[in-house]
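Engineer: quick one: sequence plus predicted model below, questions after.
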Amino acid sequence: MSTLATLTALPPMQSDEPLHHSSGNPFSFLPSIQGQGPIASALRILVKLKNHSWLPSAVTDYLGREFPGGRRREEEFRGKAVKVIDLLQHAAELGNADALYTLGQVSLFPPNTYFPADPFTAYESFDTHAQSTGNASSQALVGFFHSTGYHSVVPVDQAKAQLYLTFAAHGNHKGAQMALGYRYWSGIGVAENCMAALDWYEDAAEQAMAKFLSGPPGGRTLPLLPPRLSDLVGGVFGPGASVASTGLNAGRAVIKTANARAAGETWEDLLEYYLFNADRGEIDYAFRLGRIFYQGSIYASPGGVASGGDGASAIGRDFHRARYYFMRIVRQVWSREPANPRQPHVSSKEEGHASIGYAAPAAGYLGRMYLRGEGVKQDAAIAKMWFERGAEYGDRESHNSLGIIWRDGLVDGKKDLKRAMGHFAAAAAQELAEAQVNIGKYHYDNGDLKLATAHFETALRQGSPFEAYYYLADIQARQARASVTPAEIAGSSCAIAVSFFKLVAERGTWDDNLLKDADDTWNLGTERGSEMAMLRWWVAAERGYEVAQNNLGFVLDQDKSILRFTRFAPHSPSNDTARLALTQWIRSAAQRNVDALVKVGDYYYHGLGVPDEPESVRWEKAAGYYQSAADTQMSALAMWNLGWMYENGVGVPQDFHLAKRHYDLAYETNSEAYLPVLMSLIKLHARSLWHTLMGGQNGLSFWEGDDEDGRSYYDHPDTREIDGATEQSGQPALEEGEQPDDSPWYFGKARDEFNRRKRGHDPEVERVAREEDDPVQWARERRQAEADRDGDFGPEDYFDAAMRGNRYREEEDVDDFAETMLLVVLCVLVSVLLYVRGRWVERLRQEEEQRRQANGQPPRAQPDRGVFPPPGDPAQDEWAILR
């Protein structure tokens, strides 16, 4: 176990032992590869090229000896790995249960490349360990083998999988409880049973909530949201065609990350830009930088600092650097600390600070770090001091944290529920989701479930990702189990409770984060890493994780080649792999993934992974899946597919009118579908015209026009004006620069607005503090603004450019498209004419030769080639011809 711990803690790229090389090496004068200077840097670059055959053998030998991952080190580590496996096997034979379980873990999930993956040994070890000890973890993994038939170690047997998972779930194994809940919810191996699914998911969610509450005040930090692989490339069908990257989904953090990667932007470049500006005294950059280092992600989740961040833009948390930048900001307002932090807070407004700027939210972050012991020694008194400073200027995070301190009595054991609720109300008035949760928990503990439900639902709308779901699920579960609840209401309450408990159980993965481990191994870019990532996704998919199901289906997708079923196809689709991919797509689609639903239709249309049945039956099923996706009013691709099927009568009766309707809906749903829809409509009208000319019925008419009464209210925005709108409404005019406030009203809002104006709050600061801005887009805009400021354009140039861009941009886009299409048509026409002319000239020449031969005339003399030999003469090979 000691050797295993050493190998696990020491990756191949690390070494603490000094390396030596012989003096006979011609490169012995070079410095160590771990040293400083440009030569050492160049050697580190050459390390990445050491496996290329074009490098001299002396260079590769030197790099192999100098680099810690060289052949000698690899042989040493592989020897130790063999020793570890041999010792574990021997200890297991002697009856050591821990060795038996560890052997299974090392064989199924090798910690690094020195250990071979051996699913057969893993199954035998887990099976023996489960039978001898009844260990829940071993039983859960044995159930996974029987459920999936992984590597054909055992045949698929859902009955045995259900048995082992039930044993493990009763042994309080959270993963097994989630797997059983998902199986009862989806009807996998058992009949669908919502109440049974509710029981198992509730047990798993209770474990997650207990783990969350065992952390520092306010609960443990939530894991970052795991990304889908398809989202990182713009969706299953690519950017513009996927629901995941169009419409409102285009604003998701993972899609912004995908766009940044596609543009060649890296987080290292972004952070370097932020660091450069922050170090030269730019406060807005310093605050954003501190927030990024604190949350460990470029993009934060909505709902406040407690809601976590996005996993696709993770950079690693750094509390020390976050505290450094926050302290730089607050020192501009509070230059010193009080002698005794426990003394009553003294207002600093008398010091004459005109604008607090980013100091208030920065104080809230510092207080949170002291309250939770993040990067500093935990001290609730110092945290309270910082929170009071931030709350004095209206920071919502500071108000919420002060409420937690007074509610739980974290400073000297003093509790004051009235003051706590006052702070919670002040934070909730600024739309902080965690504050709504805290108010809801107060009413929940007092038995007022109706009022608690209202606050929890408000927290959900404001972005609460964890606690609000748990309490709402608990309330719905009580209603579903109540004997007086009608059956239809009980069924609806059960479905809501299962969905919410499932979200809680999947987010609370502090001990066994399969998705994060899978992402880490996938990002290694190696064959072993990909295999281990797929294994972890598969285990997570059996537990109901939609992200894992989508990732597994995307990796195994057999429907990617546009040359499928042609002699140019890069590979023939594997039906076994396609069957597994289709299973994951179906499960992902059942969890409301619209792109996966369209992909299921594609598999049925092309006959990938589906049972052998007539094409007409498959096409009819494909049309059904496309129709289900189109009914969501989100997938333009599904609507276009349906239009094509109605146009050609594939899977549905041929109907040109329904085809046109679906093509039009595709464009209305996604304007990026303009070109394919336009081409499809042209072809549809041409086909309909031919159908009509051939005596067909129900074709499209070119002369049908929409009457005035059928025009949409939105077709003429200029006419959407209420009578008398030009008259004075009697409302006071807004001041210059003031925006109308459409947010909901609440008691005390007028006072809050007055105090906000009196304090001179900057709306931009409040927006940034609420994490409503895009750090990448903000950096782009600032960089562009600096470039414009340093340019040579004058005000009148900007005015002209704006006029050209705003007034004629749409017309120019249309003109550019028309010119492009005209050039394409002209190029094709010229190519065709050249080809026809060439064939015509060749034909005339052949006819002339035949006529001369028929008349007995000698062939036409070859042209004079000068000193060059005629064709066919061997002397021609003696000439040096440039090839």
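Structural biologist: Arrived safely.
Engineer: with adjacent residues omitted, what lies nearest to Asp408?
Structural biologist: Spatial nearest neighbour of Asp408, chain neighbours left out: Pro217 (6.5 Å); criterion: C-beta to C-beta, 6 or more residues apart in numbering. All C-beta spots, glycine's among them, are computed from the backbone N, C-alpha and C.
Engineer: ok, that neighbour - contacts?
Structural biologist: 371-372, 380, 404-405, 408, 410 (C-beta atoms under 8 Å, 6 or more residues apart in numbering).
Engineer: ChimeraX command for the buried members of those?
Structural biologist: The ChimeraX command for the buried members of these (criterion: 16 or more other C-beta atoms under 10 Å) is given here:
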select :371,372,380,404,405,410
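Engineer: closest to Ser616 among the contacts of Pro217?
Structural biologist: Set against Ser616, the nearest of those by C-beta to C-beta is Arg372 (62.5 Å).
Engineer: what about the closest residue to the closest one other than its chain neighbours, neighbour count?
Structural biologist: Take Arg372 and drop its neighbours on the chain: the residue closest to it by C-beta to C-beta, 6+ apart is Pro216, 3.9 Å away. Using other C-beta atoms under 10 Å, Pro216 has 13 other residues around it.
Engineer: tell me the secondary structure for Pro216?
Structural biologist: coil (DSSP: H, G, I helix; E, B strand; the rest coil).
Engineer: gap between it and Ala380?
Structural biologist: With distances taken as C-beta to C-beta, to the nearest Å, Pro216 is found 10 Å from Ala380.
Engineer: pLDDT at Leu229, what is it?
Structural biologist: Leu229 is assigned a pLDDT of 92 by the prediction.
Engineer: OK, contacts around it?
Structural biologist: Leu229 touches 522, 550-551, 554-555, counting by C-beta under 8 Å, 6+ apart.
Engineer: tell me which two of the contacts of Pro217 sit farthest apart.
Structural biologist: Within these (distances taken as C-beta to C-beta), the two that end up farthest apart are Arg372 and Asp408, at 12.9 Å.
Engineer: gap between Asn277 and Leu681?
Structural biologist: Following C-beta to C-beta, the distance that separates Asn277 from Leu681 is 50 Å.
Engineer: more neighbours, the two?
Structural biologist: Asn277 (20 against 17).
Engineer: pretty sure that one sits against Tyr285.
Structural biologist: Yes: with contacts counted by C-beta atoms under 8 Å, Asn277 reaches Tyr285, the gap being 4.0 Å.
Engineer: burial check on the nearest residue to Lys414 once chain neighbours are set aside, number of neighbours?
Structural biologist: In this structure, Lys414 finds its nearest non-sequential neighbour in Trp406, 7.7 Å apart by C-beta to C-beta, 6+ apart. As a burial measure, Trp406 scores 22 neighbours (other C-beta under 10 Å).
Engineer: quick one: residues contacting Trp406.
Structural biologist: 414-417, 419-420, 423.
Engineer: how many neighbours does Asn446 have?
Structural biologist: Asn446: 10 neighbours (other C-beta under 10 Å).
Engineer: Arg368 now?
Structural biologist: By other C-beta under 10 Å, the residues close to Arg368 number 25.
Engineer: for it, give its distance to Gly390.
Structural biologist: For Arg368, the distance to Gly390 - C-beta to C-beta - is 10 Å.
Engineer: ok, Ala204 next?
Structural biologist: Taken as C-beta to C-beta, the span from Ala204 to Gly390 is 37 Å.
Engineer: what do you get for Gly440?
Structural biologist: 23 Å.
Engineer: now do Val832
Structural biologist: From Val832 to Gly390 the distance is 73 Å (C-beta to C-beta).
Engineer: who has more neighbours out of those two?
Structural biologist: Neighbour count, other C-beta under 10 Å: between Val832 and Gly390, Gly390 has more, with 28 against 10.
Engineer: so who does the more buried one touch?
Structural biologist: 360-364, 367, 397-398.
Engineer: dihedrals phi and psi, Ser297?
Structural biologist: phi -160, psi 150 (degrees, to the nearest 10).
Engineer: and the residue nearest to it when sequence neighbours are not counted, bridged to which residues?
Structural biologist: Spatial nearest neighbour of Ser297, chain neighbours left out: Gly309 (3.0 Å); criterion: C-beta to C-beta, 6+ apart. Counting by DSSP bridges, Gly309 forms beta bridges with Ala300.
Engineer: surely Gly309 is in contact with Phe293?
Structural biologist: No: the pair Gly309 and Phe293 fails to qualify as a contact (C-beta under 8 Å) at a distance of 11.4 Å.
Engineer: which one's more surrounded, the two?
Structural biologist: Applying other C-beta under 10 Å to Gly309 and Phe293 shows that Gly309 carries more neighbours, namely 27 against 24.
Engineer: which residues does that one contact?
Structural biologist: 224-225, 253, 295-301 are the contacts of Gly309 under C-beta under 8 Å, 6+ apart.
Engineer: which single one of the contacts of Pro217 is nearest to Gly235?
Structural biologist: Nearest to Gly235 among the contacts of Pro217, with distances taken as C-beta to C-beta, is Arg372, at 37.0 Å.
Engineer: distance of the closest one from Arg220?
Structural biologist: Taken as C-beta to C-beta, the span from Arg372 to Arg220 is 9 Å.
Engineer: and for Gly601?
Structural biologist: 41 Å.
Engineer: comparing the two, which residue is more hemmed in?
Structural biologist: Each of Gly601 and Arg220 has its neighbours counted (other C-beta under 10 Å); Gly601 has more, 27 against 17.
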